[in-house]
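*Asks:* here's a sequence, model it:
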Amino acid sequence: MEGRMSTNVHVVTHPLAQHKLTLMRRADAPTAEFRQLAREIAMLMLYDLTRDLPLTEQEIETPLARMKAPVLAGKKLCLVPILRAGLGLVDAMLELVPSARVGHIGIYRDPSTLDAVEYYLKVPEDVSACLVIVVDPMLATGNSACAAIRRLKDLGVENIRFACLLSAPEGIAALTAEHPDVPIYTIAVDERLNDHAYIVPGLGDAGDRLFGTK
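*Replies:* Sure thing, here's the model as predicted:
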């Protein structure tokens, strides 16, 4: 399911993920379809994001016999969407890992400076003991992702992964430069950013398309 373009960037090449992203890119995709595709693609991404989670054995009893069977071991997962667009992916991920904890970071991009401005932060008290997956549909300039990860590191989090649908080379460069220890999982790496810091060819504003606000 996974291909690598560098040691830090993991491109999810599964045919279903690539197909669904193409459907999401279409300008005529209605909000309901866009939202459903986002949920489906989020589940596919989570398989790659968690494929190396450690396992241990637990003794259980089946209807026929006792056995030692594999179960997840180690730290709990914590999903941290960057508001608001990240919310469109997290609910689907929770269907696969319903025991995961959820934090929220509210960040908006200043339209004049493109700087990331934080307006909300709420995470579990023991977030530093979790594997944290930061979720945002788009990695454009990288400013929001860098700011969110910086705040989590300030709280003592050491094991962080970043998940997005689309990324731009500029965003990858910025995130890799500031946080070289954070793997980036993405469905596609697009060509560039335009003058308004939108990913080209992209899929438009993910938040607006998810919530029907434009």
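*Asks:* for this protein, which spans come out with low pLDDT?
*Replies:* Scanning the chain for pLDDT under 70 picks out 1-6, 75, 114.
*Asks:* strands of that one, start to end?
*Replies:* 2-4, 9-12, 55-61, 66-72, 77-83, 101-102, 104-109, 116-122, 131-135, 138-139, 159-167, 184-189, 192-193, 199-200 (DSSP state E).
*Asks:* residues making contact with the third one?
*Replies:* Residues from elsewhere that reach strand 55-61 (CB atoms under 8 Å, 6 or more residues apart in numbering): 66, 67, 68, 69, 70, 71, 72, 73. Using the backbone N, CA and C atoms, a C-beta is placed for each residue, glycine as well.
*Asks:* before we move on, the earlier item: nearest to residue 93, out of the strands of the chain?
*Replies:* Of all the strands of the chain, strand 77-83 sits nearest to residue 93, with 5.7 Å by CB to CB.
*Asks:* on that earlier part again, now render the strands of the chain as TSV, adding mean neighbour count and distance to residue 38.
*Replies:* Shown next, in TSV, are these (neighbours: other CB atoms under 10 Å; distance: least, CB to CB, whole Å):
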stretch	mean neighbour count	distance to residue 38
strand 2-4	11	20
strand 9-12	21	14
strand 55-61	10	29
strand 66-72	11	25
strand 77-83	24	12
strand 101-102	18	17
strand 104-109	18	18
strand 116-122	13	21
strand 131-135	26	11
strand 138-139	28	12
strand 159-167	24	7
strand 184-189	22	11
strand 192-193	16	21
strand 199-200	18	15
